[in-house]
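Novice: Okay, structure incoming, though there's no sequence with it:
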């Protein structure tokens, strides 16, 4: 639970030069100049940190910002702000295009400090109204991943058993609920094969042998919970590749949790949280020669 602070920010008047830069970047106009001093005068603060980041004298501190969340255990960053345009765009795009969904992992364990750093990298993403209500559940070992996979597999075994009943599918379809019929048509055989391979020879078609995973969710109260979680997830995917890890989004696991919320309780996620992404992680046992292309997107302009 986050601690409530009586004052959202503190201005060290001895250090403040009254330059006004903080006033210009405050989203709510909470700062004002009066009598040669800058003061906080608002009733709502996003704790975005824009004012502190803009201050040339380090005169502002934000109560809700935890400095340790910007300190990483496996590498060190330059904390100076990178100006717009001051980066190698070609290198950034190469990283983005090189990230592929990994479905072949080797059995090496991923250090917990790396997993924790990935979460910290995740939360550098933007967040609607800066709510930052995302949550991260780390599955640090293959044992934990297999245990979670067991709950997901059980859900799909039950779903497949329902989908096999033609009368049930037909009745639901007539009632305007065609989801089960669509599942039977599009996924039943694929899931049945995966479940049989898992049970008969231990072939992992769900997590592909990943030794770790991060479940990205959101607590109640965010203005854009799904968007926030998925933006953080993209950060994790790109960072994992840069660190040397492979990653894969496991959509079947997300679907299982949405349809069977009790799975959350089984792995320690509060029932009032929502799950938006499950990221399988591990050292890749695969390599490529070139980046892959993409389908042509639909692109349009609106000129007003």
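Specialist: Yes, it's here. This structure is a prediction, so every number in the text was calculated from the model and none was measured.
Novice: Point out where the protein drops to low pLDDT.
Specialist: 1-6 (pLDDT under 70).
Novice: quick one, helices of it?
Specialist: Using DSSP state H, the helices of the chain run over residues 21-25, 50-54, 89-98, 112-122, 142-163, 166-174, 179-186, 188-201, 225-243, 251-259, 262-266.
Novice: Format those helices as a markdown table; extra columns: distance to residue 37 and mean neighbour count.
Specialist: The C-beta positions use only the backbone N, C-alpha and C, and glycine is treated the same way. Below are the helices of the chain laid out as a markdown table (distance: least, Cβ to Cβ, whole Å; neighbours: other Cβ atoms under 10 Å):
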| stretch | distance to residue 37 | mean neighbour count |
| --- | --- | --- |
| helix 21-25 | 12 | 17 |
| helix 50-54 | 14 | 19 |
| helix 89-98 | 41 | 11 |
| helix 112-122 | 35 | 19 |
| helix 142-163 | 53 | 17 |
| helix 166-174 | 68 | 13 |
| helix 179-186 | 62 | 15 |
| helix 188-201 | 65 | 13 |
| helix 225-243 | 35 | 20 |
| helix 251-259 | 51 | 19 |
| helix 262-266 | 49 | 15 |
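Novice: Could you save these as JSON lines and add columns showing distance to residue 7?
Specialist: Below are these laid out as JSON lines (distance: least, Cβ to Cβ, whole Å):
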{"stretch": "helix 21-25", "distance to residue 7": "15"}
{"stretch": "helix 50-54", "distance to residue 7": "13"}
{"stretch": "helix 89-98", "distance to residue 7": "38"}
{"stretch": "helix 112-122", "distance to residue 7": "26"}
{"stretch": "helix 142-163", "distance to residue 7": "41"}
{"stretch": "helix 166-174", "distance to residue 7": "56"}
{"stretch": "helix 179-186", "distance to residue 7": "50"}
{"stretch": "helix 188-201", "distance to residue 7": "54"}
{"stretch": "helix 225-243", "distance to residue 7": "26"}
{"stretch": "helix 251-259", "distance to residue 7": "39"}
{"stretch": "helix 262-266", "distance to residue 7": "36"}
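Novice: Show me the one of the ones you listed that comes nearest residue 219.
Specialist: For those, the distance to residue 219 is smallest for helix 225-243, at 8.1 Å, taking Cβ to Cβ.
Novice: residues in contact with residue 214?
Specialist: 115, 118-119, 122, 136-139, 236, 278-279, 281 (Cβ atoms under 8 Å, 6 or more residues apart in numbering).
Novice: how about the residues you listed, which pair is most distant?
Specialist: Going by Cβ to Cβ, the pair spanning these furthest: 122 and 139, at 15.0 Å.
Novice: Outline the domain layout of this structure.
Specialist: Taking automatic domain parsing as the reference, the chain has its domains at 9-65, 96-143+206-282, 149-201.
Novice: quick one: the second one to chain centroid distance?
Specialist: Here domain 96-143+206-282 is found 5 Å from its chain centre; the criterion is Cα atoms, centre = their mean, to the nearest Å.
Novice: Contacts only, for the residue nearest in space to the middle of the chain.
Specialist: Centroid-nearest residue in the chain: residue 233, 2.8 Å away (criterion: Cα atoms, centre = their mean). Residues in contact with residue 233 (Cβ under 8 Å, 6+ apart) are 122, 216, 249, 276-277, 279.
Novice: now residue 186
Specialist: So residue 186 contacts nothing (Cβ under 8 Å, 6+ apart).
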